[in-house]
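Participant: After the sequence you'll find the predicted model.
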Amino acid sequence: MPDTVTAAAVPVVEAAGISKRFGATVALSDARIAVAPGESHALVGRNGAGKSTLVSLLTGIQRPDTGTLRFSGEPAPAYGDTDAWRAKVACVYQKSMVVGELTVAENLFLHRQSTSGLRPIRWRELRRRAADLLAEYSVDVDPTRKVRELTVEQRQFVEIARALSFGARFIVLDEPTARLDARGIERLFTRLRDLQRQGVAFLFISHHLQEVYELCASVTVYRDARHVLTAPVAALGHDDLVEAMTGESAARPAPGRKTRPLPADAPEVLRVSGLAYGDHFSGVSLSVRSGEVVGLAGAAASGCVQVGETVAGLHRAAAGSVEVAGRRVRNGDVPAALAAGVGFVPEDRHLQGLVHHRSVAENATLTVNDQLGPYGTVLPSRTRAFARRMIAELDVKTPDASTPVSALSGGNQQKVVVARALATDPHVLIAIRPTNGVDVKSKEFLLRRIRQIAEEGRGAVVVSDELDDLRGCDRVLTMFHGRMGPEFRRGWSDEQLVAAMEGMSGPDAGSGHSHHRKESDVRHD
Ligand SMILES: Nc1ncnc2c1ncn2[C@@H]1O[C@H](COP(=O)(O)OP(=O)(O)OP(=O)(O)O)[C@@H](O)[C@H]1O
């Protein structure tokens with residue numbers, strides 16, 4: 001037996017003395033991490049702390065400049081030997097790495113169809129093997145479906161199954177919950193706990209500290225490219241954890257100003273009447289007045305994201321109308337919405353948000369070229385000045401304004417997306433999950449900035465299922481399965497709002513099941 005004990009004590013992964021630079025940026029400096037077999041280990045830190053960089057080193061995507069990396073006591077595989085790396089470690093990213101146009105079966109066996117030699121691929125056999133594999137890991141997905149058609153949750157489960165089928169017993173989850181709703185998170189966590197019981201270890205990265213407490217046994221904190229601490233989660237209170245991440249005492253912020261009551265004659269900046277779009281939603285009416293921040297809350301299938309996108313012109317409504325500052329906006333026309341004064345923070349910064357090879361300055365000002373130079377010409381010095389102000393205002397961590405956005409950490413890219421929406425000086429800002437991927441401290445910052453829009457006499461709609469995003473809103477509208485639900489004034493309880501998002505707003509409202517995002521990482525007035 002002693003042998004088993006010794007074997008179990010060897011970490012599934014151990015990295016030490018790890019440094020990595022990108023040009024002048026030090027992404028990691030003498031960093032370390034160790035994860036025991038079957039352990040659920042969290043890695044947290046502010047945007048740009050070096051978490052994703054560590055992930056790319058642990059998964060063999062990049063090489064460290066210095067340091068050692070061992071898996072179960074053995075040196076890391078040779079760089080480029082993809083199959084060897086896959087047998088050690090797998091990563092489930094927020095943004096899927098699987099190929100959308102291929103079927104689930106093809107994705108599961110991508111790059112290994114020809115293991116049995118030069119035989120042509122036998123599609124029927126491939127599908128059968130895929131079905132077996134999915135069944136083995138209890139993933140209820142049809143292997144003949146295109147990956148593009150799957151939900152984020154199904155895609156993640158397919159990726160986890162694929163990882164395990166390569167023999168990996170260590171999985172990195174890089175913000176896996178960022179695009180899941182409460183029920184999806186619950187199902188993911190149940191799956192992870194099951195796997196953990198079977199001896200699979202995790203490195204779990206999330207900006208939702210409550211999830212760390214819920215799922216993980218240990219936590220490692222990185223700050224400014226360095227390892228700050230590793231501790232049992234149970235031994236570390238929320239404020240201590242935030243303090244380790246920020247390097248500042250987590251003193252409660254001074255209470256925010258109480259929002260002033262709206263003047264009775266505050267004009268409407270947005271009116272949506274009887275809006276409908278496909279199966280997503282119908283009969284949606286809402287109004288936002290100057291000075292208001294209105295929340296629009298709902299789970300993934302509620303249609304609330306599509307409402308926001310339709311107001312921004314991304315979808316063509318089948319019925320209803322959108323008016324901005326009293327003027328009707330042309331249906332399904334993004335430039336028309338923009339010209340009418342709709343600012344938009346999209347849900348997916350990768351698809352709708354940013355031009356990756358362009359600089360921070362260019363991305364922050366893409367929609368405001370007409371403000372920056374005559375006759376559509378962009379004057380670089382003004383662009384830069386404009387961008388610098390944005391960078392300072394939103395605390396974007398970047399070497400300078402001319403850095404390409406692709407070199408920024410995920411959370412900092414999200415801030416550029418918000419900066420760009422604000423740069424248009426919108427009458428009304430439609431922000432979909434604006435704090436997605438943004439760290440605890442920066443969340444406060446972004447939400448305060450959105451509040452400022454209202455204070456300047458404009459309006460905002462925050463579309464989100466995160467209670468912290470909604471807490472600061474003047475009122476919160478809810479949606480369930482494409483229909484409007486109850487509306488809540490300030491002072492709502494988490495349980496009430498969660499229940500409404502889950503379509504249980506009747507007399508049982510208080511008994512809505514527990515939600516993972518109740519924590520107050522962000523504190524408001
Ligand atoms: N390819 C790259 N080129 C240049 N700089 C990079 C590159 N990748 C990362 N960086 C820089 O390295 C630092 C660490 O970034 P990293 O993505 O690891 O942060 P993170 O902790 O994952 O942040 P987030 O919470 O925002 O995802 C950042 O300053 C980032 O701008």
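Facilitator: That came through, no problem.
Participant: can we go C-alpha only for contacts and neighbour counts from here?
Facilitator: Noted.
Participant: phi, psi of I171?
Facilitator: phi -120, psi 130 (degrees, to the nearest 10).
Participant: what about it, how many residues close to it?
Facilitator: 22 (other Cα atoms under 10 Å).
Participant: any idea how far it lies from F202?
Facilitator: 5 Å (Cα to Cα, to the nearest Å).
Participant: Check V522 and give its pLDDT.
Facilitator: pLDDT, V522: 43.
Participant: go on, R122?
Facilitator: At R122, pLDDT is 69.
Participant: for stretch 420-432, which positions count as buried?
Facilitator: For stretch 420-432, the neighbour count (16 or more other Cα atoms under 10 Å) marks 420-424, 426-432 as buried.
Participant: Same check on stretch 67-80?
Facilitator: Using 16+ other Cα under 10 Å as the test for burial, stretch 67-80 gives 67, 69-72, 76-77.
Participant: ok, and which of those residues reach the ligand?
Facilitator: With Cα under 6 Å from any ligand atom as the criterion, those include none near the ligand.
Participant: would you list the residues you listed in TSV and tack on distance to Q413?
Facilitator: Converted to TSV, those look like this (distance: Cα to Cα, whole Å):
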residue	distance to Q413
G67	28
L69	29
R70	32
F71	32
S72	35
A76	31
P77	32
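Participant: Dump those residues to CSV, plus pLDDT.
Facilitator: Output for the buried residues of stretch 67-80, formatted as CSV (pLDDT from 0 to 100):
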residue, pLDDT
G67, 97
L69, 96
R70, 96
F71, 95
S72, 94
A76, 95
P77, 93
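Participant: Mind picking the one among those residues that's closest to the ligand?
Facilitator: Nearest to the ligand among these, counting by Cα to the nearest ligand atom, is G67 at 16.3 Å.
Participant: And the next helix or strand past the helix or strand encompassing the closest one?
Facilitator: When elements are assigned from DSSP states H and E, G67 belongs to strand 66-71. Next in sequence after strand 66-71, counting helices and strands by DSSP H and E, comes strand 74-75.
Participant: hang on, the earlier thing: out of the buried residues of stretch 420-432, which sit inside helices?
Facilitator: Members of the buried residues of stretch 420-432 lying in helices (criterion: DSSP state H): 420-423.
Participant: Among these, find the lowest-pLDDT one for me.
Facilitator: A423 (78).
Participant: Roughly how far does it sit from A364?
Facilitator: 7 Å.
Participant: Could you list the low-confidence segments of the chain?
Facilitator: In the predicted model, the chain carries pLDDT under 70 at residues 1-8, 93-100, 110-122, 250-260, 349-357, 365-380, 382, 505-525.
Participant: domains for it, by residue range?
Facilitator: 1-89+169-251, 98-167, 266-341+427-525, 356-425 (automatic domain parsing).
Participant: For M390, give me its contacts.
Facilitator: 364, 419 (Cα atoms under 8 Å, 6 or more residues apart in numbering).
Participant: what's the helix or strand for it?
Facilitator: helix 380-394.
Participant: Go through that helix and flag the buried ones.
Facilitator: So, applying 16+ other Cα under 10 Å, buried residues of helix 380-394: 383-384, 386-388, 390-391, 394.
Participant: how about the residues of the stretch 151-300 of the chain that lie near the ligand?
Facilitator: Counting by Cα under 6 Å from any ligand atom, the stretch 151-300 of the chain has no residue next to the ligand.
Participant: now the strands for the stretch 151-300 of the chain?
Facilitator: 170-174, 201-205, 218-223, 226-232, 268-277, 281-289, 293-297 (DSSP state E, counting those that start in this stretch).
Participant: So what touches the strand or helix carrying A460?
Facilitator: Using DSSP H and E, A460 sits within strand 459-464. Contact with strand 459-464 is made by 269-270, 288-298, 304-305, 308, 427-434, 450-451, 453-454, 469-470, 473, as judged by Cα under 8 Å, 6+ apart.
Participant: partners of that strand in the sheet?
Facilitator: Strand 459-464 has its sheet partners listed here by DSSP bridges as strand 293-297 (parallel), strand 428-432 (parallel).
Participant: which parts of that strand are buried?
Facilitator: Buried residues in strand 459-464 (16+ other Cα under 10 Å): 459-464.
Participant: List the residues that contact R490.
Facilitator: With Cα under 8 Å, 6+ apart, R490 has these contacts: 471, 473-476.
Participant: Select only the buried ones of these in PyMOL?
Facilitator: Buried residues among the contacts of R490 (16+ other Cα under 10 Å), as a PyMOL selection:
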select buried, resi 471+473+474+475+476
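Participant: can you put the contacts of R490 in TSV and add distance to L497 and secondary structure?
Facilitator: Shown next, in TSV, are those (distance: Cα to Cα, whole Å; DSSP: H, G, I helix; E, B strand; the rest coil):
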residue	distance to L497	secondary structure
R471	10	coil
C473	13	coil
D474	14	coil
R475	11	strand
V476	9	strand
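Participant: Would you mind trimming the contacts of R490 to those in range of the ligand?
Facilitator: Okay, of the contacts of R490, nothing touches the ligand (Cα under 6 Å from any ligand atom).
Participant: which one of the contacts of R490 sits closest to the ligand?
Facilitator: R471 (22.5 Å).
Participant: now that closest one: how far from T190?
Facilitator: R471 is 28 Å from T190, by Cα to Cα.
Participant: now swap in H41 and tell me
Facilitator: For H41, the distance to T190 - Cα to Cα - is 16 Å.
Participant: Which of the two has more residues huddled nearby?
Facilitator: Taking other Cα under 10 Å, H41 and T190 do not tie; H41 has more neighbours (27 against 13).
Participant: List phi and psi for that one.
Facilitator: phi -120, psi 130.
Participant: List the beta-bridge partners for it.
Facilitator: In beta-bridge terms (that is, DSSP bridges), H41 pairs with L203, S218.
Participant: And the furthest pair within the buried residues of helix 380-394?
Facilitator: Pairwise distances across those peak at 16.4 Å for T383 and L394 (criterion: Cα to Cα).
Participant: which element is the closest residue to Q62 other than its chain neighbours on?
Facilitator: In space, and not counting its chain neighbours, Q62 is closest to S56: 5.6 Å by Cα to Cα, 6 or more residues apart in numbering. Using DSSP H and E, S56 maps to helix 51-58.
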